[in-house]
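In: structure of the sequence below:
(chains A and B)
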2 protein chains.
Amino acid sequence: MTRLLIASRNRKKLTELHRVLDGAGITGLQLLTLDDVPSFTEAPETGATFEENAIAKARDAFAASGIAALADDSGIAVAALNGMPGVLSARWSGGYGDSDKDVANYSLVLAQMGDVPDERRDAAFVSVCALVTGPGADEVTVVRGEWPGVIARKPLGDGGFGYDPVFIPEGDTRSAAQLSAAEKDAVSHRGRALAKLVPALRELARG
Amino acid sequence: MTRLLIASRNRKKLTELHRVLDGAGITGLQLLTLDDVPSFTEAPETGATFEENAIAKARDAFAASGIAALADDSGIAVAALNGMPGVLSARWSGGYGDSDKDVANYSLVLAQMGDVPDERRDAAFVSVCALVTGPGADEVTVVRGEWPGVIARKPLGDGGFGYDPVFIPEGDTRSAAQLSAAEKDAVSHRGRALAKLVPALRELARG
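Out: Numbers count the residues shown, from 1 in each chain, chains lettered A, B, ... in the order given. I've put the predicted structure just below:
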């Protein structure tokens, strides 16, 4: 059975990938996470793009384990902030403000956009996934999923995490934090990216 | 004598423009500021670019006074932040953090760039000046001055204002807050923009 290492310690990502593989009818992949590679230390994410970070993480995990590795980097790109917070989404507030990091991050975006009119509040959640199956330059598959929407005027809803409470998906009036997990899976940036990765995962499973 | 309204209440801008006019040998302009137009209320700056904001400010001042008007919009563009804080430079921290707004703003940029390596710390101070001499589309002159440099790792110096303590101009090892006023005038973004405006100011002075 081919092994695939998810370069993360987040169990939710394991569950999510299992769901994608099941949905695509892909069997024959044994999923591991970084918890199965205790010696591995994740490097800080210093890339200028989601792609750079995802590829670096997958390459590092492959190099440390010799196992095909899947990594992702995600964030929110706000048009009025020239596509930022972007790769800095998780540390946008830099430790300032609220003691809850998610609240501090999205509160800062709301404050920065206080004077930004409705017609310029476009944003998109972005997820880039990189699959590294070997050391060669041609053994990397990179896919990008985007979930378009707008930045709300105030936080809405208790679900989700990160910027979900201030993100209103295109075609909806609820925030991402007000969607059910199933609704979100069907349309989210991560779901879209993983869907694009299915052909490569199917090939990997075939060995 | 031709009158020129500086669309600002900042007396330093008046002094600076006097110095530029003197340096260029331009006489025949009587400078006013918004303090001379007490009825005028400045609109919030909601443009997506420095150009939009500077033109809107100059047009508003011209419309309210009937006097040729000069406005500027300035800020710092950080490459690793995709050119932001940009038009949001003055309110980047959104009221979060330190009670001194300048300190809050530059501390946030330092924190956001904590993991950004030296080779990606490029930034530029940008100043856009708009001169509006009439209601027509062809009666607007817009110039842009840039002052390139890098973002420091920590604040340096007590002089200047805004982001000066964290900005190291190209070719220097001191921050903008460690330069004398004269040194700064000679190379700064505002100085460079105003220098480009000299021909238009000369024409205006000729009547």
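In: check for me that A:Pro148 belongs to a helix.
Out: No. Applying DSSP: H, G, I helix; E, B strand; the rest coil, one finds A:Pro148 to be strand, outside a helix.
In: surely it meets A:Gly171?
Out: No. Contact criterion C-beta atoms under 8 Å: A:Pro148 and A:Gly171 do not qualify, at 9.1 Å. (Each C-beta comes from the backbone N, C-alpha and C, glycine too.)
In: comparing those two, which residue is more hemmed in?
Out: Remark: of A:Pro148 and A:Gly171, A:Pro148 carries more neighbours, 16 against 8, as counted by other C-beta atoms under 10 Å in any protein chain shown.
In: the more buried one and B:Asp118, how far apart?
Out: Distance of A:Pro148 to B:Asp118, given as C-beta to C-beta, to the nearest Å: 35 Å.
In: in the lengthiest helix in chain A, what's buried?
Out: For chain A, the helix with the greatest residue count under DSSP state H is helix A:189-206. Across helix A:189-206, burial judged by 16 or more other C-beta atoms under 10 Å in any protein chain shown covers A:His189, A:Arg190, A:Gly191, A:Arg192, A:Ala193, A:Leu194, A:Leu197, A:Val198, A:Ala200, A:Leu201, A:Leu204, A:Ala205.
In: for the fifth one, give me the pLDDT.
Out: This means A:Ala193. What the model reports for A:Ala193 is a pLDDT of 95.
In: now do the contacts for the closest residue to it other than its chain neighbours.
Out: The shortest distance from A:Ala193 to any residue other than its chain neighbours is 3.1 Å, reached at A:Gly145 (C-beta to C-beta, 6 or more residues apart in numbering or on different chains). Residues near A:Gly145 by C-beta atoms under 8 Å, 6 or more residues apart in numbering or on different chains: A:126-129, A:188-196.
In: could you measure from the spatially closest residue to A:Gly47 that is not a sequence neighbour over to A:Gly66?
Out: What sits nearest to A:Gly47 in space, not counting adjacent residues and going by C-beta to C-beta, 6+ apart, is A:Asn53, at 4.1 Å. Distance of A:Asn53 to A:Gly66, computed by C-beta to C-beta: 22 Å.
In: so which of these two has more stuff around it?
Out: Taking other C-beta under 10 Å, A:Asn53 and A:Gly66 do not tie; A:Asn53 has more neighbours (23 against 12).
In: bridge partners for the spatially most central residue of chain A, pull those for me.
Out: With distances taken as C-alpha atoms, centre = their mean, the residue of chain A nearest its centroid is A:Ser74 (3.3 Å). Beta-bridge pairing for A:Ser74 (DSSP bridges): A:Ser127.
In: which residues sit in contact with it?
Out: A:Phe50, A:Ser89, A:Phe125, A:Val126, A:Ser127, A:Val128, A:His189, A:Arg190.
In: just name the closest of these to A:Leu179, please.
Out: A:Phe125 (12.1 Å; C-beta to C-beta).
In: tell me the pLDDT of that closest one.
Out: At A:Phe125, pLDDT is 98.
In: so it touches A:Ser188, yeah?
Out: Yes. With contact defined as C-beta under 8 Å, A:Phe125 reaches A:Ser188; the gap is 6.8 Å.
In: overlap of the contact sets of those two?
Out: Counting by C-beta under 8 Å, 6+ apart, the common neighbours of A:Phe125 and A:Ser188 are A:Trp147, A:Ala176.
In: stretch A:29-41: end-to-end distance?
Out: End-to-end distance for stretch A:29-41, by C-alpha to C-alpha, to the nearest Å: 24 Å.
In: that one: which residues count as buried?
Out: Buried residues in stretch A:29-41 (16+ other C-beta under 10 Å): A:Leu29, A:Leu31, A:Leu32, A:Thr33, A:Leu34, A:Val37, A:Phe40.
In: mind checking which of the residues you listed land in strands?
Out: Within the buried residues of stretch A:29-41, residues falling in strands by DSSP state E are A:Leu29, A:Leu31, A:Leu32, A:Thr33.
In: which of the residues you listed sits closest to B:Asn105?
Out: Once C-beta to C-beta is applied, the member of these that ends up nearest B:Asn105 is A:Thr33, at 39.5 Å.
In: how close does the closest one get to chain B?
Out: Separation of A:Thr33 from chain B (C-beta to the nearest C-beta, to the nearest Å): 24 Å.
In: show me what that residue is bridged to.
Out: A:Thr33 has these beta-bridge partners by DSSP bridges: A:Ile6.
In: that one contacts A:Arg3, correct?
Out: No. Using C-beta under 8 Å, A:Thr33 makes no contact with A:Arg3, being 11.4 Å away.
In: and A:Ser93, how many neighbours?
Out: 27.
In: flag every residue of chain A that's near chain B.
Out: Applying C-beta under 8 Å from any C-beta of the partner chain, one finds that chain A approaches chain B through A:44-46, A:48, A:80-84, A:86, A:88, A:91-97, A:104, A:107-108, A:110-112, A:114-117, A:120.
In: for chain A, which segments count as helices?
Out: With DSSP H as the criterion, chain A has helices at A:11-23, A:50-65, A:101-112, A:181-187, A:189-206.
In: could you export those helices as CSV, including distance to B:Pro165?
Out: What follows is the helices of chain A, written out as CSV (distance: least, C-beta to C-beta, whole Å):
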stretch, distance to B:Pro165
helix A:11-23, 41
helix A:50-65, 30
helix A:101-112, 21
helix A:181-187, 43
helix A:189-206, 38
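In: closest to B:Leu17 out of those helices?
Out: Judging the helices of chain A by C-beta to C-beta, what sits closest to B:Leu17 is helix A:101-112, at 30.6 Å.
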